[in-house]
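Q: turn this into a model:
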Amino acid sequence: MKNLQQALVEAKLSSYIQVSTVVYPIVLGTSYPPSAGVFAQNVAGIMGDIVKYLHSNNAPLLINVYPYLAYISDKQHISLDYALFRSNEPVVIDGNWKYYNLFDAMVDSFVAGMVKVVGSEDVKVVISETGWPSGGDDPSLSVDNAQTYNNNLKNRIKSGKGTPRKPDMNLETYIFSLFNENQKPAGREQHFGTFYPDMTPVYPLW
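A: Next up, the predicted model:
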């Protein structure tokens, strides 16, 4: 990352191109409640270095956020409505912050971990991947739920609101993925697309 950044500086491109890296929630040792978010001990050193470096360059950390994974792994404590943006009442109240959906909570747990590293709230994230499979090895992985998640996500982002912790943050978000990938191993990994390989839509979204 440092070498790439230096190359951009030398090419006078650093004002136009930022260098970052992508992480998954597995790098968090604690994520609940969101304000308790902290990087796991086994990666705290390297994540601390990365976050400090990104902060010094005013660059975002790229995070992959998949509420369906959290839901599947803990159905006893996480409701499907919370994971699909369908809750009308706050599900998690974390001090002054109220969480109506799991997506916001997961993003803010990363923010909390980053703030603990740099000691400042002016950290940035970009959601580089999120989505919901339309098929796979769990009943919740269905076309209906994938359509609900991605449409509600789209509306959530279009609202222009940040997260409860960072209400003014621009939630730059990328849906994974455009196409179902029928050459991947059988299971949920084949079913993230909003289109089939023949270009027909899996469900209305765009």
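Q: show me what contacts the most centrally placed residue in the chain?
A: By CA atoms, centre = their mean, the mean C-alpha position of the chain lies nearest to Val65, the distance being 2.6 Å. Neighbour list for Val65: Pro25, Phe103, Met106, Val107, Ile127, Glu129, Thr130 [criterion: CB atoms under 8 Å, 6 or more residues apart in numbering]. Where C-beta positions appear, they are placed from N, C-alpha and C, glycine not excepted.
Q: just the buried ones among these, please.
A: Pro25, Phe103, Met106, Val107, Ile127, Glu129, Thr130 (16 or more other CB atoms under 10 Å).
Q: could you dump the residues you listed to a markdown table with distance to Arg86?
A: What follows is the buried ones among the contacts of Val65, written out as a markdown table (distance: CB to CB, whole Å):
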| residue | distance to Arg86 |
| --- | --- |
| Pro25 | 21 |
| Phe103 | 12 |
| Met106 | 16 |
| Val107 | 18 |
| Ile127 | 19 |
| Glu129 | 22 |
| Thr130 | 16 |
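Q: residue ranges of the strands in the chain, please?
A: The residue ranges that make up the strands of the chain, judged by DSSP state E, are 22-23, 28-30, 38-39, 61-64, 92-94, 97-99, 125-130, 173-175.
Q: with distance to Tyr71 added, can I get those in TSV?
A: Below are those laid out as TSV (distance: least, CB to CB, whole Å):
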stretch	distance to Tyr71
strand 22-23	20
strand 28-30	17
strand 38-39	22
strand 61-64	16
strand 92-94	14
strand 97-99	14
strand 125-130	13
strand 173-175	18
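Q: okay if I get those strands as TSV plus distance to Gly187 and mean pLDDT?
A: Putting those into TSV (distance: least, CB to CB, whole Å; pLDDT from 0 to 100) gives the following:
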stretch	distance to Gly187	mean pLDDT
strand 22-23	22	99
strand 28-30	25	98
strand 38-39	29	99
strand 61-64	18	99
strand 92-94	30	99
strand 97-99	30	99
strand 125-130	17	99
strand 173-175	20	99
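Q: so for Glu189, which of those strands sits nearest?
A: The minimum distance between Glu189 and those falls on strand 125-130, with 12.8 Å, by CB to CB.
Q: what lines up beside the closest one in the sheet?
A: Each strand paired with strand 125-130, and its direction, by DSSP bridges: strand 61-64 (parallel), strand 173-175 (parallel).
Q: re earlier: of the buried ones among the contacts of Val65, which is the nearest to Gly162?
A: Compare each of these with Gly162 using CB to CB and the shortest gap goes to Val107, at 9.0 Å.
Q: distance of the spatially closest residue to the closest one that is not a sequence neighbour relative to Ile78?
A: Nearest in space to Val107, with sequence neighbours left out and distances taken as CB to CB, 6 or more residues apart in numbering, is Thr163 at 5.3 Å. Thr163 sits 18 Å away from Ile78, taking CB to CB, to the nearest Å as the criterion.
Q: more neighbours, these two?
A: Using other CB atoms under 10 Å as the criterion, Thr163 and Ile78 rank with Thr163 on top: 22 against 19.
Q: rewinding a little: now do the residue nearest to Val107 against Met106, distance only.
A: Per CB to CB, Thr163 is found 10 Å from Met106.
Q: just Val51 next, same as before
A: In terms of CB to CB, Val51 sits 17 Å off from Met106.
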